[in-house]
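[1] Show me the folded form of this:
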Amino acid sequence: MNDFNNICICGGSATGHVLSGYISHYNNASVNILTSQPQRWKDTLTINLPDGGSVQGRLGIITDNPAQIIPRSDIVILCLPGFAIRDTILKIKPFLRPDTLVGSIVSSTGFFFEALDTLDNPLFGFQRVPFISRIKSYGSEANLMGFKNSLNIAVERYDNKHGLIDFLQSLFNVPVSLLENYFEASFTNSNPILHTARLYSLFKDWHEGIFFERNIAFYEEWNNESSELLIKMDSEFFEVMSRLPVRKDYLPTLLDYYESHDAQSLTKKISSIQGFKGIMSPMTEEEQGWVPDLKSRYFTEDFPYGLRLIFEKAKEYRIPTPHIDKVFYWGSNLIKR
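    Modelled structure (predicted):
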């Protein structure tokens, strides 16, 4: 197994919080944080676990200066929204050792396309995030709301792929499988399809001046309209994937993933998942009521960086995707307001 003694986490997302605290508690590696808000972080992170318990992880250097921590890093893991990936890669590039592994906690927002174009380093990226995470108190406490039972990663420009997999399995304590190539990590029917279908169903009739009486539970109040659109978008997604250099079974359909057979059973399944409990819709409260929060990552990431990759591939191969198109155009126009 490789010795990855120094790990740098880039970004202060919910996943970045949980990953930092979790790794520093369960692994002997030094965990350092590169963040634009170092003054808001404490040296110790509390991670609340799904079983009601909690663990604490002690962090190393917390800084906004890549020169302080990137040169010593064996692995750099980006926990960033899509719009921040390129800028961060350019920021750390001058300080990277040639052998430093650079990875992303999620690959569906363009990580591999940016990194392969900009860096010469070995790369890896997860197909789905390892945890369901939420920040409780920025820089000091976060909730780990659910584990994934297994993880898939793509690795590029790195010979000892199985050494990396062994390391990640020891880190997350779940099976980790190697994908065929970075396309299989970059194109997923997870957030780019799941989130955008739900957002369209919730807010398609909204415009300025309309207010909701309350915030809506994103998953617990999932409905058949959302499921029907999701199934149609997922089918179109796999039509696009059939033209790419990916294995036919590299990814399950969302019906298979959620062990369902139609819209009704999918609704029942999604609305009852324990790890989704308490997750609300991206909305903000104003004096007259609730409105969509267009600054939320559900909007600023899943449309312009997640769904856009799928939309553009469909256009490149001239594959009809009417439902993906409808949702993409709606979301893109909404966030331009």
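
[2] Helix or strand next in line after the host helix or strand of K232, which one?
    Using DSSP states H and E, the secondary-structure element containing K232 is helix 224-241. Sequence-wise, the next helix or strand downstream of helix 224-241 (DSSP H and E) is helix 254-257.

[3] tell me the secondary structure for the residue nearest the centre of the chain?
    Note on the chain: the residue nearest the mean C-alpha position is V106, at 4.3 Å, using Cα atoms, centre = their mean. Assigned with DSSP: H, G, I helix; E, B strand; the rest coil, V106 falls in the coil class.

[4] Tell me how far the residue of the chain most remote from its centre lies from I210.
    Relative to the C-alpha centroid of the chain, counting by Cα atoms, centre = their mean, Q288 is the outermost residue, at 32.7 Å. From Q288 over to I210 the distance is 10 Å, taken as Cβ to Cβ, to the nearest Å. C-beta here means a position set from N, CA and C on the backbone, and glycine is covered the same way.

[5] Kindly report the same for E225.
    Separation of E225 from I210 (Cβ to Cβ) stands at 18 Å.

[6] quick one: low-confidence parts of the chain?
    Confidence mapping of the chain against pLDDT under 70 gives the ranges 1-2.

[7] ok, now with 90
    Along the chain, segments meeting pLDDT under 90 span 1-3, 26-29, 131-132, 145-148, 171-173, 190, 248-249, 274-275, 336-337.

[8] In it, what residue spans correspond to helices?
    Using DSSP state H, the helices of the chain run over 14-26, 66-69, 82-92, 111-118, 161-172, 182-186, 191-203, 224-241, 254-257, 263-270, 297-300, 308-316, 322-335.

[9] The helix holding K232 versus helix 308-316: what angle between them?
    For helix 224-241 against helix 308-316, the angle by axes from the mean of the first three to the mean of the last three Cα atoms, to 10 degrees is 60 degrees.

[10] tell me the domain boundaries of the chain?
    Here the domain parsing of the chain from automatic domain parsing is 6-185, 191-335.

[11] Quick one: closest of the helices of the chain to P282.
    Of all these, helix 297-300 sits nearest to P282, with 4.3 Å by Cβ to Cβ.

[12] okay, now G12: neighbour count?
    Counted with other Cβ atoms under 10 Å, residues neighbouring G12 total 23.

[13] for N27, same thing?
    There are 16 residues near N27, going by other Cβ under 10 Å.

[14] any idea what sits nearest it, other than its immediate chain neighbours?
    L171 (5.9 Å; Cβ to Cβ, 6 or more residues apart in numbering).

[15] swap in V106?
    In space, and not counting its chain neighbours, V106 is closest to V129: 5.3 Å by Cβ to Cβ, 6+ apart.
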